[in-house]
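Show me how the following folds:
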Amino acid sequence: MTKKDEDTKYLECEKQYVFYSLIFTGGVFGGYTFVMRGGIFCNAQTANLVMLAIHLGQGDISGASYYFFPFLAYLGGTMLSEAFAFRIKAIHLMRWDTFLVGLEAAVTLILGFIPSSAPDQICQLSLNFLAAMQFNTFRQAEGVGMATTFITNHVRQFGSHLVQFLHHHKDVNLNRFARHGFMILSFVAGAATCSGLTLLIKDYAIWAATAVEIFIFIRLLRADRTYEKELLYRKPHGH
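Model prediction:
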């Protein structure tokens, strides 16, 4: 493989199927914390900050603090993902991306055992941390900017590329329209799956994310230990 080919080759953690799978888990996270764990959105912080501001405006400091701590957890997750990426590389075993997915699988497995009687903040803060780290770590799917925890930008890109395709008839616009559309569908599928499972298995519904994360972890670890072993220190595109 030439140097040019190596530079343009996408890592396993940048493959489209990884992003479709991870945004499915993002949908599960959001559905789980909203339905089962106190009505908090863990995927992004816009709604939480709006609620925080509303409570502040009404002079309800206690109510505002309920939404402030998920924000802090999300901020902390973003910062920790940057710091831990360097430490994980030092052990020469796997990429940070791989370790994160494995960590998510372990945490979501444990969260399923936490009873409804436990404080909601345990799950809220844990999933806020994970969502922030996932969003900050997985940035581009085969050269296309993608978010794996929320869909606002995907909706914008979906509409934009559809209009551009209808106007210019370029395959690249059709391809990106389809990619962002599938990301939206995957997210909705994750949230709907989690919501449906809560009716059947209650708190264990979070394991819908665990199953997907275990599958992705195995695929990424295999890549790290075999055909991408020499690329452990290479940064994914977008970093």
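
Give the buried residues for stretch 31-40.
Counting neighbours by 16 or more other C-beta atoms under 10 Å, one finds that the buried residues in stretch 31-40 are 31-37, 40. The C-beta positions use only the backbone N, C-alpha and C, and glycine is treated the same way.

ok, now stretch 225-237?
In stretch 225-237, counting by 16+ other C-beta under 10 Å, buried: 228, 232, 236-237.

and what of stretch 105-115?
Using 16+ other C-beta under 10 Å as the test for burial, stretch 105-115 gives 105, 107-109, 111-112, 114.

Then stretch 123-139?
By 16+ other C-beta under 10 Å, the buried positions in stretch 123-139 come out as 123-139.

in this protein, which helix or strand is least confident?
The helix or strand of the chain with the lowest confidence, counting by mean pLDDT, DSSP states H and E, is helix 3-8 at a mean of 48.

Give the next helix or strand downstream of that one.
Using DSSP states H and E, the helix or strand that follows helix 3-8 in sequence is helix 16-35.

Report the next helix or strand after that following helix in sequence order.
helix 46-57.

Now do that following helix: distance to the chain's middle.
Chain-centre distance of helix 46-57: 23 Å, with C-alpha atoms, centre = their mean, to the nearest Å.

cool, stretch 204-223 as well?
Centre-to-centre, stretch 204-223 and its host chain are 12 Å apart (C-alpha atoms, centre = their mean).

who touches it?
The contact list for stretch 204-223 (C-beta atoms under 8 Å, 6 or more residues apart in numbering) reads 11-13, 18, 21-22, 24-25, 28-29, 31-32, 36, 94-95, 97-98, 101-102, 104-105, 108-109, 111-112, 123, 190, 193-195, 197-198, 201.

rerun at 7 Å
Residues from elsewhere that reach stretch 204-223 (C-beta atoms under 7 Å, 6 or more residues apart in numbering): 12-13, 18, 21-22, 24-25, 28-29, 32, 36, 94, 97-98, 101-102, 104-105, 108-109, 111-112, 193-194, 197-198.

Next: stretch 115-126.
Identification of contacts with stretch 115-126 by C-beta under 7 Å, 6+ apart yields 33, 37-38, 40, 42, 69-70, 73, 107, 111, 114, 203.

Kindly recompute the last result at 8 Å.
Applying C-beta under 8 Å, 6+ apart, the external contacts of stretch 115-126 come out as 32-33, 36-38, 40, 42, 69-70, 73, 107, 111, 114, 202-203, 206.

Flag the least confident of those residues.
For these, the weakest pLDDT value sits at I40, with 86.

Verify the stated contact: that residue with Y32.
No - using C-beta atoms under 8 Å, I40 is not in contact with Y32; the gap is 10.0 Å.

What ranges does the chain have for its strands?
Listed in chain order, the strands of the chain (DSSP state E) span 140-141, 144-145.

Quick one: those strands as TSV, columns for mean pLDDT and mean neighbour count too.
As requested, the strands of the chain are exported to TSV (pLDDT from 0 to 100; neighbours: other C-beta atoms under 10 Å):
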stretch	mean pLDDT	mean neighbour count
strand 140-141	96	20
strand 144-145	94	16
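
Of all these, which one is nearest I54?
Among those, strand 144-145 comes nearest to I54, with 31.2 Å by C-beta to C-beta.

re the thing from before, can I get the strands of the chain in JSON lines including distance to I184?
Formatted as JSON lines, those follow (distance: least, C-beta to C-beta, whole Å):
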{"stretch": "strand 140-141", "distance to I184": "14"}
{"stretch": "strand 144-145", "distance to I184": "14"}
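
Please identify which of these is closest to S186.
Closest approach to S186 among the strands of the chain (C-beta to C-beta): strand 140-141, 11.5 Å.
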